[in-house]
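**Q** Dropping a prediction and its sequence here:
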Amino acid sequence: MSDLTLSKRAQTIGDSPTLKINALARALKKEGKPLIHLGGGEPVFPAPQAAVDAIIAKAQTRKIKYTPSSGTPELKAAVAQYTQTYYGRTPAPENILISAGAKQVLFNFLLATVGPGDEVVFSAPYWVSYPEMVKLAGGTPVVVRPARGLQITLAELSAAITDKTKAILLNSPNNPSGLIFDEAFIKGVVELAEKKNIFLFMDDIYHQLVFDGNKCPNPCAFSRNGQNLVIGNGVSKLYGLTGLRIGWGVSENKALISAMGRMQAQSTSCNSDVSEVAATAALLGDQNCIKELCSLLEQNRNVLVAELQKIPHVTVHKPQGTFYCFADFSRYHADSQLLAQYLLEKALVAVVPGKAFGMDGYLRISFCADQESIVQGVQRIAVALKNLL
Ligand SMILES: Cc1ncc(COP(=O)(O)O)c(C=O)c1O
């Protein structure tokens, strides 16, 4: 009998560590354990009413069908309006691709641009999916590590660009560090991509979730013709609508958006009819929910940072956005995987090991939970850590 072997691809692509933690946390909670989940990646906020009303109205039509593969005209119009508001550009429908989350936008982008031998450059700490998605597309991930702190410099990024580089991925504010790349950096990266004729994928999924009056620099402002630049975004983080699975990619490069659309048409065909209607309603509805979310997250950030600063030997970089704090716990354990496992077992607190983001010794602690959980969770961590010194 011949062996039922899996593909090389299946053997090399790993699980998503964050989704694994979520599953573990859910299982422990189900067992009745008083687990505190500080590993999550979604705001606890309820869905905007406009989105809920739209879902109900759509369901009542009893017409839930395939939609145009690259997105409905209504949702594309709402995305065009959003792009005008935040980037000062109004993309035509052919310059927009609606996908099942920003994740599928990025995947379509990689499938459309990257082949064997091509390198895709991004900085550590990185979102856990970047290396695996680049590998899935057949490319080679190239990780740029900051010599100091949690942010690379333009010189460090430039030094990683070779003849094989096909694209740069940039996420700001960054998951997991919560830090925003400043204007000089963004301008430099946009210009670098144009000079070297490589693509730049801006992962802007958290671009409005910023604190202390900070603003994310607009990459479009520095682009000469927009051909190299793609902006990925979505409703998951801004509106707490992670379950809708709606994201979008916008680029002035029509051939690129069209190629990304073909990748999608041959995989998922189109997006969920119900989700597209709900995302349109969220984008066109009352936007105060984003301000409210930001202000709640800023308070949560302050609470978390204050609690973490009470723990000796932990280095905290104050997040400027997102809902993650990436703190250095290496004085307690160099292996973040083992440390996270220890905290899960001994303190019943779920956090994500820095190793998953390309930086061992760190832990990613989310502050999208409620404040009581944040305080209690960090206090439990502090107690458990005492045994390790
Ligand atoms: C940096 C980053 N990019 C993209 C995504 C994917 O977002 P979506 O839910 O829209 O697929 C996430 C989700 O955690 C993220 O953290």
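**A** Perfect, thanks for sending it.
**Q** got the contact list for the residue of the stretch 1-150 of the chain found nearest the ligand?
**A** Residue of the stretch 1-150 of the chain nearest the ligand, by Cβ to the nearest ligand atom: Gly101 (2.5 Å). Where C-beta positions appear, they are placed from N, C-alpha and C, glycine not excepted. Counting by Cβ atoms under 8 Å, 6 or more residues apart in numbering, Gly101 touches Gly234, Ser236, Arg245, Ile246, Gly247.
**Q** any weak-confidence spans in the stretch 1-150 of the chain?
**A** Filtered on pLDDT under 70, the stretch 1-150 of the chain yields the residue ranges 1-2.
**Q** Show me how far stretch 369-376 is from its chain's centre.
**A** Computed by Cα atoms, centre = their mean, to the nearest Å, the chain-centroid distance of stretch 369-376 equals 22 Å.
**Q** Can you give me the buried ones in it?
**A** Ala369, Ser373, Ile374, Gln376 (16 or more other Cβ atoms under 10 Å).
**Q** For the ligand, tell me which of the contacts of Gly101 show up nearby.
**A** Residues of these in contact with the ligand (Cβ under 6 Å from any ligand atom): Gly234, Ser236, Gly247.
**Q** In JSON lines, list the residues you listed along with secondary structure, pLDDT and neighbour count.
**A** Output for those, formatted as JSON lines (DSSP: H, G, I helix; E, B strand; the rest coil; pLDDT from 0 to 100; neighbours: other Cβ atoms under 10 Å):
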{"residue": "Gly234", "secondary structure": "strand", "pLDDT": "98", "neighbour count": "27"}
{"residue": "Ser236", "secondary structure": "coil", "pLDDT": "97", "neighbour count": "23"}
{"residue": "Gly247", "secondary structure": "strand", "pLDDT": "98", "neighbour count": "24"}
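**Q** What strand or helix carries Ala155?
**A** Taking DSSP states H and E as the criterion, Ala155 maps to helix 154-159.
**Q** Pull the residues that contact that helix.
**A** Counting by Cβ under 8 Å, 6+ apart, Val121, Ser123, Val144, Arg145, Pro146, Ala147, Ile168, Ala184, Phe185, Gly188, Val189, Leu192 sit against helix 154-159.
**Q** In ChimeraX, select just the buried ones from these.
**A** If you want just the buried ones from the contacts of helix 154-159 in ChimeraX, going by 16+ other Cβ under 10 Å, the selection is:
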select :121,123,144,168,185,188,189,192
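**Q** Determine the three-state secondary structure at Ala327.
**A** strand (DSSP: H, G, I helix; E, B strand; the rest coil).
**Q** how near is it to Ile64?
**A** 45 Å (Cβ to Cβ, to the nearest Å).
**Q** which of those two has more neighbours?
**A** The neighbour comparison of Ala327 against Ile64 (other Cβ atoms under 10 Å) goes to Ala327, with 26 against 12.
**Q** What separation do you get for the nearest residue to that one once chain neighbours are set aside and Gln376?
**A** Sequence neighbours aside, Val316 is the residue nearest to Ala327 in space, at 4.8 Å (criterion: Cβ to Cβ, 6 or more residues apart in numbering). For Val316, the distance to Gln376 (Cβ to Cβ) stands at 18 Å.
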